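# Could you work out the structure for the sequence below:
(3 chains)
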Amino acid sequence: MALTRTAPDRAGGERARLPGAGRAGWRRRRDAVGLVFALPALVLFAAFAIYPMLRVFQLSLYDYNLTSPPVWVGLDNFRFLFGDERFLASLGASLFYVAVTYGPAVLLALILALGLNTRMHGSAFVRLLYFAPVATSWVAVSVIWRLVLQPEGLLNQTLNTDIPWLTSSTWAKWAIAIAAIWKEVGFFLIIFLAGLQNIPKDLQEAAALDGAGSLRRLRYVTLPLLKPITVVVLVMAVIRGFQSFSPQVVLTGGSFGTEVINLFVYKTAFASARMGRASAVAVLMFILLLMVTFVQLRALRRSA
Amino acid sequence: MSAGIVARPAPVSRRRRPVGKIVVFVLLLAGGLVFASVFVYAALSAVKPADEVLTSPMRWLPTQWLWGNFTLPFEQAPFARYYLNSTVVGVSVTLLNVVTCTLAGYSFSKFAYRGRNVLFLVVLATLMVPLEVIYVPLYALVFDLGWVNSFAGLIIPSATSAFGIFLMRQSIDGLPDELLKAARIDGAGELRILWNVVTPMMVSPMAALALFIFMTNWDSHLWPLLVGNDEEHRTLPVGLAAMQANNLGSGGLPMMMAAALLALLPTLLLFLVLQRKFVEGITMTAGIK
Amino acid sequence: MSARARARAVLIPAAAVLAVAAACGSDGGSTGDGDQIELTYWTHTHPPMTELNEQLIAEYEEANPNVDITYETIPNNDFGTKMLTSLSNGSGPDIINMDDSALRGEYIPKQLLAPIDPSAFGVESVEELEALYVDGTLDGAKGDDDTLYGVPSEFNATAFAINTQHFADAGLDPASPPQTWDDVSEYGQQLVAAGHEGFNFVYLHSGWHTQQLQTLLNETGGSILNEDGTGSALTEPESVEALQIWYDLIREDQVGNADTASREATSPFEDFASGRRSMTMIYPWAVEQIAQDNPETFENLAVVPLPQVDPANPSGRWYGYYFAVNKASEQQEEAWRFIEYMTSQHERWLTDVNFVQPLQGWEQSEAAANIPFLDVWSQAYQQGTFDEVGPHWSEVQDAIKAAVERSIFDGQPPAESLEEASESVDQSVSS
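Presented below is the predicted three-dimensional model:
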């Protein structure tokens, strides 16, 4: 997404270097073959991304339960949603999840990246420890954390507490966030480490020669240069956060204030067969994510 | 390139005092061990007798090491079936992605037909549409195609990816046009050029793409839950969540841990073996080159 | 490039995609040759029942070599969702086995089921078929117009189970079990003092929360919906009283700990079965499950009548699972024939898994004679009502689950929790 800017260019370059009518015809045929190469992907996109996307906008204006024909209801689905406690609660749950999981996760990843960006022996091993959860699947990880979060599970025993992590509205949302931070830190750590490698070494060295201490170098050299990547990371964090489904399903089933947007859509569409209303939520989500992406592009342009 | 994260960390200023460095390292190591302790806890719980999993005070080690618990998921649930399904779906989706994305990436990079840029932009735009947003009509479509409860439903809608096309286009852009031109002058057809000239030079990005797609697919839960209704088509995440919901009393805890560990093992191993490619794939998603 | 080559270039990738699609798609279709009949059959997950189903299917296939039955068990948490979605879009199984709330609340009003075919049961009319069953027990599979859509695979009344060993530990007399919920509280506290969990409800999925609240509502005279079904009655004093009983037992008198309650859907009574809990509400099938899985608890198990708010006017809760046929099925006749075979084996359902198929005189049958605590059960079968249902019932159940959780786990007073639930129920049934 970040690179859309590199897309539109290079169409005519080659053409200019190959003049002549005969050659032009031959080239047109060749280019037609090129289009054919793109066809499988394009057909798949048209069928499984673009068509459903248009459909979702259309369905959001209908009442549709799969069994009887769709009934046009205009903006009723949206009107309903804005007054629906359950939908608003799920929006709140998603926002909470995004903020409380990804805020700490990104911050922790940044700190770890600064610490791990060294050539020290053993740091590759330490990185592995943080990377490993990224390479595992959400459901498997959630199954494991369900045990960790039991009243007599690892977390309570380690903290010497007696918290009903998964069966209380006070704690359940924090419990899921803890598990998710553990799962996601490594992902952002990888990105931050890559970002750090992109910072020219001579800048650091120049600053060091000028007598800047490591804290000052961090503040005036490293962090400003990490800014673009941080923006990208934050946008990815928001998008990943809004896509969350598995940890909530496995850990609480959406109880105790953890019914996130995706779970709400799933239940609305497939447990209550309210396809129109579910589509309306999807449209709202799409607009929300589009806004986030827009903010990202603007921030990138400003920092570029 | 990002591959250096794993293998060749950047040098940091030589002036930093070693004591500070060691303190930082020890802290980082301690944090890493805390992270890893979750896996250790799961693994030890998997080989415990059922009634030793949740005890107070907690005991890390089992009194008896029941390695046989790892066969429980296969005996008490169709776990082998889930495994096979995930493998079939994962491998098919990966292969299809490599093919469709390489073809499209090549097309968008080295040909100059009308509308090419528009098409590429449309593809990129779909990057912004998460599957979650469109799964209601997508489900209806897949149903109309008769693909509910079929591998087609699990595989075909994921057979290409905007990210993959983008990745392959960027990589193929780096190929000098002269190379293709020379092949054309030698009279090679476009398919032959693709196969003999382009593909051999694209093995590395194709591998990064394959790894990334496979891992993403292995994790996929919501879509397979919708289209893989029945036991025959349940993938690991769907099956595992079903086992969790139905787990057979407290006796099931070691089995669930064994199942979860078995489920995450393939991608974890792939990661350990192919760290560089893995890191490359992830940094690509962030648009770092 | 020649025209043919170009055509080939166009066709090859397209054909490849289609070929893969076709190869993948075909495994969902039928592979039948000629007269082979393929039926699909879905049930929820209950291990003893699964086993009996598999046996009966094998026998049926043996006797009818031209019939091939694909049997699926769906995880209980997903069962309602899967079934509704599949039936709604026409992809469901030929034969379903589903609880009466879903049948009356969703499938029948949405016309997803085929009316029963009496001829498959060897009778002339639906009336004749009904005459074979205990009065009122088929109502769980009837629409508003009294059309019948299924026959019971299991029919359950509610009773109470106590662990006699725990009673002895606490100095209580197992021969005088609790008769009221106040008794449950009093005995429960003594059982807790003796080191057991006295009593608790079961916290699995929204269906369970709702059915247990309904059991209490039946006793207090409350209800979920108002009389004409247009809105919630959860804030009525009688309805609040039902959740208050639950709240007082668990939060006030602490006869059980909801946080540590097991939530494993295939073994709902795990805490009682494992000997951790002393008292529980129970259904016939659960007794058999405990007998199979936990023989040592079974030895100390006594089934007693359900405690009552007003023992002079006892009430109870009925629910049933019914065999029914998907309206979209192309093999309805064969499906009903299979169901006929399943119900003809009613004695084995009773003997093997304690499922009561309430045919007239089932209590006098030989199979029933071996049912433990038959007298308690037959008394329980005298007094029962089916659960309430209404439009979008899964949302209503979710709202009730959330209310129970707010009160029992978070400690919110029942009146307040039900106030919130009430708003959401109003919205669900009216839109």
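
# so what's the residue nearest the centre of chain C bridging to?
With distances taken as CA atoms, centre = their mean, the residue of chain C nearest its centroid is residue C:99 (4.9 Å). The residues paired with residue C:99 through beta bridges, assigned by DSSP bridges, are residue C:321.

# What is the neighbour count of the closest residue to chain C within chain B?
Closest to chain C within chain B is residue B:152: 3.3 Å, counting by CB to the nearest CB. C-beta coordinates here come from the backbone N, C-alpha and C atoms, glycine included. Close neighbours of residue B:152, defined as other CB atoms under 10 Å in any protein chain shown, add up to 25.

# and it, what pLDDT?
The predicted local distance difference test score for residue B:152 is 95.

# is it fair to say residue C:198 lies in a helix?
No - looking at residue C:198 with DSSP: H, G, I helix; E, B strand; the rest coil, it is strand, so not inside a helix.

# hang on, isn't it packed against residue C:186?
No - look at residue C:198 against residue C:186 with CB atoms under 8 Å: they stay out of range, at 9.5 Å.

# Between these two, tell me which one has more neighbours.
Ranked by neighbour count (other CB under 10 Å), residue C:198 and residue C:186 place residue C:198 first, with 26 against 16.

# Excluding covalently adjacent residues, which one is nearest to the more buried one?
Across the structure, with CB to CB, 6 or more residues apart in numbering or on different chains as the measure, the residue nearest residue C:198 apart from its sequence neighbours is residue C:188 (2.9 Å).

# which stretches of the chain aren't confidently modelled?
Answering for chain A, as no chain was given. Scanning chain A for pLDDT under 70 picks out the ranges A:1-23, A:297, A:300-304.

# actually chain C
For chain C, the stretches with pLDDT under 70 are C:1-34, C:264-266.

# what does the stretch 151-300 of chain C have sitting close to chain A?
C:205, C:258-260 (CB under 8 Å from any CB of the partner chain).

# now those in a markdown table, with secondary structure and neighbour count?
Below are those laid out as a markdown table (DSSP: H, G, I helix; E, B strand; the rest coil; neighbours: other CB atoms under 10 Å in any protein chain shown):
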| residue | secondary structure | neighbour count |
| --- | --- | --- |
| C:205 | coil | 21 |
| C:258 | coil | 19 |
| C:259 | coil | 17 |
| C:260 | coil | 16 |
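
# Where do the helices of the stretch 101-250 of chain B begin and end?
B:116-126, B:131-144, B:151-155, B:162-173, B:177-185, B:190-193, B:199-201, B:203-219, B:222-227, B:236-245 (DSSP state H, counting those that start in this stretch).

# and residue C:89, which of those is closest to it?
Proximity to residue C:89, assessed across those by CB to CB, is greatest for helix B:131-144 (5.0 Å).

# Report the buried residues of the closest one.
Buried residues in helix B:131-144, counted by 16 or more other CB atoms under 10 Å in any protein chain shown: B:131-143.

# how far is that helix from where the chain is centred?
Shown here is helix B:131-144, whose average C-alpha point lies 22 Å from the average C-alpha point of the whole chain (CA atoms, centre = their mean, to the nearest Å).
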